[in-house]
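Visitor: need a 3D model of the sequence below.
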Amino acid sequence: MVEYLKKVKELMQSFEEAEVLHISRGLNKKADGLSKLASVAFDHLAKDVKVETLSQPSIAEGVVTSVEVQEESWMTPILLYLREGVVPENKQEAQRLRIRALQ
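Guide: Got it, this is the predicted structure:
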């Protein structure tokens, strides 16, 4: 969503005047329907929302930059666990690591 917001702000600069208003979902059935699409089947929304499935994102995907850290950091144990399955010998620390890796 951040990329879409950037795109909107960029496009708004090409207008002499533009205004963005927040309308609560209770006052906007279409927006409320759209907000539910990610979590429910949308057959029942056909009256309120026109659904179109896009084969590609409507904005260009961002560039992903790889960062390598030479020294150990708080991420090192998580990366070792995710890449190689290495966990600490202490069972409590191993469990904490698994939980952090999931997050």
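Visitor: mind listing the strands for the protein?
Guide: With DSSP state E, there are no strands along the chain.
Visitor: what's the lowest-mean-pLDDT helix or strand in it packed up against?
Guide: Each helix and strand of the chain was given a mean pLDDT (mean pLDDT, DSSP states H and E); the minimum falls on helix 29-36 at a mean of 73. Using 3 or more CB pairs under 8 Å, 6 or more residues apart in numbering; DSSP states H and E as the contact criterion, helix 29-36 has no neighbours among helices and strands. Backbone N, C-alpha and C define where each C-beta goes, glycine included.
Visitor: so which bits of it are buried?
Guide: Gly33, Leu34 (16 or more other CB atoms under 10 Å).
Visitor: relative to the whole chain's centre, how far out is it?
Guide: 18 Å (CA atoms, centre = their mean, to the nearest Å).
Visitor: please apply the same query to stretch 62-78.
Guide: The answer for stretch 62-78 is 20 Å, by CA atoms, centre = their mean.
Visitor: any idea how far Met12 lies from Glu19?
Guide: Separation of Met12 from Glu19 (CB to CB, to the nearest Å) stands at 9 Å.
Visitor: compare those two (neighbour count), which wins?
Guide: Met12 (12 against 6; other CB atoms under 10 Å).
Visitor: contact partners of stretch 54-61?
Guide: Glu3, Tyr4, Lys7 (CB atoms under 8 Å, 6 or more residues apart in numbering).
Visitor: start and end of it, how far apart?
Guide: Using CA to CA, to the nearest Å, one end of stretch 54-61 lies 14 Å from the other.
Visitor: can you check stretch 56-71 too?
Guide: Stretch 56-71 has an end-to-end distance of 39 Å (CA to CA).
Visitor: state the mean pLDDT of that stretch.
Guide: Stretch 56-71 carries an average pLDDT of 74.
Visitor: next: stretch 93-103.
Guide: pLDDT averaged over stretch 93-103 gives 88.
Visitor: for the remainder of this discussion, apply numbering that starts at 168.
Guide: New numbering, starting at 168: the last item is stretch 260-270.
Visitor: can you give the domain ranges for the protein?
Guide: Per the record, the chain has its domains at 168-232, 233-270, by automatic domain parsing.
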